[in-house]
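S.K.: pasting the structure only:
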């Protein structure tokens, strides 16, 4: 007897994806501090101050070694080494190293891509297995129908043979010995 209860199993990649997503959400929620963003103050005026004062403006980049607050070089996605080494650059948060930020984001992106590929592979694999099981069921059903058809045909043949034997007996054509000639009677 089969139970109608269904057990759902999750793959390890789905668990890792959910775990990483939760971690990213927690980091972004805790990292967001409400700070006023005065856009009017140029970044160069905040040089030789503190990292927190510099990064109040979203367009500013703080360099720890030179203690300079500069405009973020938007045209070259990453700040060049001549402007500020990545290890010393801070943008958005003073405690977050720019180099570690780039590495972390690229690793997370790689994990997400791998998780998506694994999920796609598993879904395709499950679909192929389902297709195989469907074909197997269809083959079994065809075999069962063929067997039933043969049984009905055998039954009809035996019924027809019985009727023919009755007719032969009725008209005295029945043979006691199946090997006897019909002329002897």
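M.R.: Good, I have the coordinates. Since this is a predicted model, take the numbers as computed values, not measurements. Residues are numbered from 1 along each chain as shown.
S.K.: What separation is there between the residue most central in space within the chain and residue 112?
M.R.: Central residue of the chain (C-alpha atoms, centre = their mean): residue 119, 2.3 Å from the mean position. Residue 119 sits 11 Å away from residue 112, going by C-beta to C-beta, to the nearest Å. Backbone N, C-alpha and C define where each C-beta goes, glycine included.
S.K.: With residue 98 instead?
M.R.: Using C-beta to C-beta, residue 98 is found at 21 Å from residue 112.
S.K.: okay, the two: which has more neighbours?
M.R.: Set residue 98 next to residue 112 and count neighbours by other C-beta atoms under 10 Å: residue 98 wins out with 22 against 15.
S.K.: Let me know whether that one touches residue 83 as I believe.
M.R.: No - Residue 98 is beyond contact range of residue 83, at 11.3 Å (criterion: C-beta atoms under 8 Å).
S.K.: For this structure, name the helix or strand with the lowest mean pLDDT.
M.R.: helix 12-31 (a mean of 59; mean pLDDT, DSSP states H and E).
S.K.: Mind checking what helix or strand follows it in sequence?
M.R.: Next in sequence after helix 12-31, counting helices and strands by DSSP states H and E, comes helix 51-54.
S.K.: secondary structure class for residue 61?
M.R.: strand (DSSP: H, G, I helix; E, B strand; the rest coil).
S.K.: Quick check: bridge partners of it?
M.R.: Beta-bridge partners recorded for residue 61 (DSSP bridges): residue 70.
S.K.: What's the per-residue pLDDT of it here?
M.R.: Model confidence at residue 61, given as pLDDT, is 87.
S.K.: Can you give me the neighbour number for it?
M.R.: Using other C-beta under 10 Å, the number of residues around residue 61 comes to 22.
S.K.: got it, and the one 3 residues further on?
M.R.: Counted with other C-beta under 10 Å, residues neighbouring residue 64 total 15.
S.K.: I figured it was touching residue 55, is that so?
M.R.: No - using C-beta under 8 Å, residue 64 makes no contact with residue 55, being 11.8 Å away.
S.K.: Now the common contact residues for these two.
M.R.: residue 90 (C-beta atoms under 8 Å, 6 or more residues apart in numbering).
S.K.: In the chain, where is pLDDT below threshold?
M.R.: Residues of the chain meeting the criterion pLDDT under 70: 1-40, 128, 130-131, 174-185.
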